[in-house]
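In: Quick check, what structure comes out for this input:
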Amino acid sequence: MKYYSQITHRMYDTPEECKKAEDEAQALELKKKLETEQKTADRKAAADEVEKARKAMIEAQKAYKKELSNFMSKYKSYHFSSSKLEDVPFMFDDLLDYIFA
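Out: Model (predicted):
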């Protein structure tokens, strides 16, 4: 007599073989599900860290712009020199703020 598994969709010679194959299939499915959930949780945690850093950057930019605005109001000009590429976005942001203001 052959035994058919609804889980693996295969035929087995004994009920023990069938049960063992089903248990292995279910264990593998559970493992894949847990790995997927872990990847999702890791991605969400990483995305939360990026969002936290983005919010900190926005707050820092607001503070910088406020200080720059106060300085410009008081002294009418501000100059700085930089050879760092990371300073470029701030320079262009402020330039555009004064051009279109």
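In: Could you pull out the strands in this structure for me?
Out: 3-4, 11-12 (DSSP state E).
In: what's the pLDDT at residue 3?
Out: Here, the pLDDT recorded for residue 3 equals 89.
In: same question, residue 87
Out: Note for residue 87: predicted pLDDT of 64.
In: Count residues in the vicinity of residue 18, would you?
Out: Residue 18 has 20 neighbours, counted by other CB atoms under 10 Å. Every residue, glycine included, has its C-beta placed from N, CA and C.
In: from what I can see it touches residue 1, true?
Out: No. Using CB atoms under 8 Å, residue 18 is not in contact with residue 1, being 11.0 Å away.
In: Where does pLDDT dip in this protein?
Out: Low-confidence segments of the chain, defined by pLDDT under 70: 82, 84-101.
In: For the chain, just list every one of the helices.
Out: 15-75, 88-99 (DSSP state H).
In: With distance to residue 8 as added columns, please give these in CSV.
Out: Converted to CSV, these look like this (distance: least, CB to CB, whole Å):
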stretch, distance to residue 8
helix 15-75, 5
helix 88-99, 57
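In: Show me what stretch 16-24 is in contact with.
Out: 3, 4, 5, 7, 8, 10, 12 (CB atoms under 8 Å, 6 or more residues apart in numbering).
In: which one of the residues you listed sits closest to residue 48?
Out: When these are compared for distance to residue 48 (CB to CB), residue 7 wins out at 36.9 Å.
In: Report the contact partners of that closest one.
Out: Taking CB under 8 Å, 6+ apart, one finds 21, 22, 25, 26 in contact with residue 7.
In: tell me the phi and psi of it?
Out: Backbone torsions of residue 7, given as degrees, to the nearest 10, read phi -80, psi -50.
In: ok, now residue 10?
Out: Dihedral angles (degrees, to the nearest 10) for residue 10: phi -140, psi 160.
In: shouldn't it be in contact with residue 4?
Out: Yes. The pair residue 10 / residue 4 is scored as a contact, 7.4 Å apart, by CB under 8 Å.
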